[in-house]
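In: Starting from these lines, generate the structure:
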Amino acid sequence: MSRISSAPAQQAASILNFIGGEFVAAGSGKTFENRSPVDGCLLGLVSEAGEAEVDAAVKAARAALAGPWGALEMAERTELLYAVANEISRRFDEFLQAEVADTGKPASLARHIDIPRGAANFKIFADVVKNVPGEFFQMATPDKKGAINYAIRVPRGVIAVIAPWNLPLLLMTWKVGPALACGNTVVVKPSEETPATATLLGEVMNAVGVPKGVYNVVHGFGPGSAGELLTRHPGIDAVTFTGETRTGAAIMKAVADRVRPVSFELGGKNAGVVFADCDFDAAVEGMGRAVFANCGQVCLGTERVYVERPIFDKFVAALKAKAESLKPGRPEDAKTGLGPLISQEHRNKVLSYYDKARDEGATVVTGGGIPKMEGGLANGFWVEPTIWTGLPEDSAVVREEIFGPCCHVRPFDTEDEAVRLANDTQYGLASTVWTTNLARAHRVAAKIEVGICWVNCWFLRDLRTPFGGSKQSGIGREGGVHSLEFYTELRNVCVKL
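Out: Got it, this is the predicted structure:
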């Protein structure tokens, strides 16, 4: 059976769960709607996994771990992961269409970031596991003959992968790639908003010969649905999650009694710091991307902008022009610079902060509402890119993650003040600093309490480097050999000579 079941013309097609190498509907028959963020049209009905489906998926993963997948040599596993990457690339247009349909983001963005990275994540981690260094120690013994110790990495087991909706394929494969490379099996719970590419990946796994049960997908929601059922399942050995901090806290509670490891990338309220000696045009371009890319639905995006006072007014005017140049439209239109928000519910949340900003006395530099859209686009989940000034640092708009195309801009006078403002948050995911003073760049980057600080750039990633958040922005690090710390356990072998 295909991932998309056939249906009469008057009915929407169904996106099915992928369990043990087969596409299956939930035994309960429960489904939920998958709607386009662009125009609100019904894309399909998604089969909602219940307890039986989640249990079957975990058991299938466990069986593959003990059977055909666990029996493969590393070279055989990595060869299959290269084949997965190549098959994603071969079916590039299918993945692009599915990702754009679910998210509504401009096709130009998904074409250059989401799909290529989705494929690359398998190749990168296949290479990492083949080249990871090991440990070896010689030790003295009372009989003078000695002993040797060496460490080996073994898979953790069955990994629950709970993926977000903003970069569905990219962030899901960022977890699945290293998990499989290390010899684990996975059960993926994609966001209910973006079920398509995780499901399509099941077809790829079958096509290249990945053993059944290695990769499984269950669809549904969080509390009381597939997400909670998965994290509470006794057959899960570890949970990796990207999403809201509150959800991460709930997952920690769910696994606490069984003492299961977790890896979290959580919320952020990221700061951008712009010094007067910056390359002005580059800073405006870079901060424009950091604030408005993917309609602000990027965990690494910037919602707090601090600008040194001598260039403050000029910078605000230039960022305003940048925001107003972004034209909303259909994803396939090359002129589209801004997609919609993911859902009506999320738009309501973002608009509530637009209202709070006005209520708290913000100066609305631009935006602050819903753009006028024509035809079917009027039913989409659009908001205007928005810039505010004039709010205090204890404002809800400045303190809380909004996850929309918006930012508050405030002037600063000294380097120390800029660092203090950037660090005045419960989060610590990312920051970006703009200056041509090399000493200042190193000094400030080292002082900002985040997992990654960009200097004179944004969203530039070497996937071998550690990535993760500080404070309430996450637990653990991903990327390169750092991912192996979560997806493997170290086992010491001591040999008496």
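In: residues touching residue 220, list them.
Out: By C-beta atoms under 8 Å, 6 or more residues apart in numbering, the contact list for residue 220 reads 32, 48, 49, 50, 189, 192, 226, 227, 229. For the C-beta atoms, the positions are set from N, CA and C on the backbone; glycine is no exception.
In: Could you identify the buried members of those residues?
Out: Neighbour counting over the contacts of residue 220 (16 or more other C-beta atoms under 10 Å) leaves 32, 48, 49, 50, 189, 192, 226, 227, 229 as the buried ones.
In: So the first one: helix, strand or coil?
Out: For residue 32, the secondary-structure state derived from DSSP: H, G, I helix; E, B strand; the rest coil is strand.
In: Am I right that it is in contact with residue 191?
Out: No. If you go by C-beta atoms under 8 Å, residue 32 and residue 191 don't touch, sitting 11.8 Å apart.
In: which one in the chain is furthest away from the centre?
Out: Note on the chain: the largest C-alpha distance from the chain mean falls to residue 143, namely 54.3 Å (C-alpha atoms, centre = their mean).
In: How much space separates residue 180 from residue 342?
Out: Shown here: residue 180 relative to residue 342, a distance of 27 Å by C-beta to C-beta, to the nearest Å.
In: With neighbour numbers in mind, choose between those two.
Out: Using other C-beta atoms under 10 Å, the more surrounded residue of residue 180 and residue 342 is residue 180, with 29 against 24.
In: Skip the chain neighbours and tell me the closest residue to that one.
Out: Counting by C-beta to C-beta, 6 or more residues apart in numbering, the nearest residue to residue 180 once its immediate chain neighbours are dropped is residue 81, at 6.2 Å.
In: The one you found sits in which helix or strand?
Out: For residue 81, the enclosing helix or strand under DSSP states H and E is helix 74-90.
In: and the most centrally placed residue in the chain, helix, strand or coil?
Out: Closest residue to the average C-alpha location of the chain: residue 171 at 4.0 Å, with C-alpha atoms, centre = their mean. With three-state DSSP as the basis, residue 171 sits in helix.
In: residue contacts, the nearest residue to residue 84 once chain neighbours are set aside?
Out: Spatially, and ignoring its direct neighbours in sequence, residue 84 is nearest to residue 122 (4.9 Å; C-beta to C-beta, 6+ apart). Applying C-beta under 8 Å, 6+ apart, we find residue 122 in contact with 81, 82, 84, 85, 88, 173, 177, 180, 181.
In: who wins for most neighbours among these?
Out: Counting neighbours by other C-beta under 10 Å, residue 173 leads the contacts of residue 122 with 31 neighbours.
In: From what I see, it and residue 121 are in contact.
Out: Yes. Taking C-beta under 8 Å as the definition, residue 173 is a contact partner of residue 121 at 4.1 Å.
In: on that earlier part again, mind checking the SS state of the residue farthest from the centre of the chain?
Out: coil.
In: what's the next secondary structure element after the helix or strand where residue 216 lies?
Out: Secondary structure assignment for residue 216, by DSSP H and E: strand 215-217. Of the helices and strands lying after strand 215-217 in sequence (DSSP H and E), the nearest is helix 226-231.
In: then that next one to CSV, C-alphas only?
Out: Output of helix 226-231 as CSV, limited to C-alpha atoms (Å, rounded to 0.1, in the frame of the first residue of the first chain):
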residue,chain,number,x,y,z
ALA,A,226,0.8,9.6,19.6
GLY,A,227,3.4,11.9,21.1
GLU,A,228,2.5,11.1,24.7
LEU,A,229,2.0,7.4,24.0
LEU,A,230,5.5,7.2,22.4
THR,A,231,7.4,9.0,25.1
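In: Please enumerate residues in contact with it?
Out: 48-51, 53-54, 58, 160, 162, 187, 189, 218-222, 236, 239, 251, 254-255.
In: Sitting in helices, which of the residues you listed do you find?
Out: Judged by DSSP state H, helices contain the following of the contacts of helix 226-231: 51, 53, 54, 58, 251, 254, 255.
In: What ranges does the stretch 351-497 of the chain have for its strands?
Out: In the stretch 351-497 of the chain, the strands defined using DSSP state E, counting those that start in this stretch lie at 363-366, 386-389, 406-412, 427-428, 430-434, 452-455, 470-471, 474-475, 488-496.
In: partners of the second one in the sheet?
Out: To tie it back to what came earlier, the one meant is strand 386-389. Using DSSP bridges, strand 386-389 pairs in its sheet with strand 363-366 (antiparallel), strand 406-412 (parallel).
In: And residue 313, which helix or strand is it part of?
Out: Residue 313 is part of helix 312-324, with elements assigned from DSSP H and E.
In: Could you export that helix as CSV, CA atoms only?
Out: Only the C-alpha atoms of helix 312-324 are listed here, as CSV (Å, rounded to 0.1, in the frame of the first residue of the first chain):
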residue,chain,number,x,y,z
PHE,A,312,19.9,53.4,15.4
ASP,A,313,17.5,55.5,13.4
LYS,A,314,19.3,54.7,10.1
PHE,A,315,19.2,51.0,10.8
VAL,A,316,15.5,50.9,11.8
ALA,A,317,14.6,52.7,8.6
ALA,A,318,16.7,50.3,6.5
LEU,A,319,15.2,47.2,8.3
LYS,A,320,11.7,48.7,7.7
ALA,A,321,12.4,48.9,4.0
LYS,A,322,13.6,45.4,4.0
ALA,A,323,10.4,44.2,5.7
GLU,A,324,8.2,46.1,3.3
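In: If you count neighbours, what's buried in it?
Out: Buried residues in helix 312-324, counted by 16+ other C-beta under 10 Å: 312, 315, 316, 318, 319, 320, 322, 323.
In: my guess is the last one meets residue 371, correct?
Out: It stands for residue 323. No. Applying C-beta under 8 Å, one finds residue 323 not in contact with residue 371, separated by 11.6 Å.
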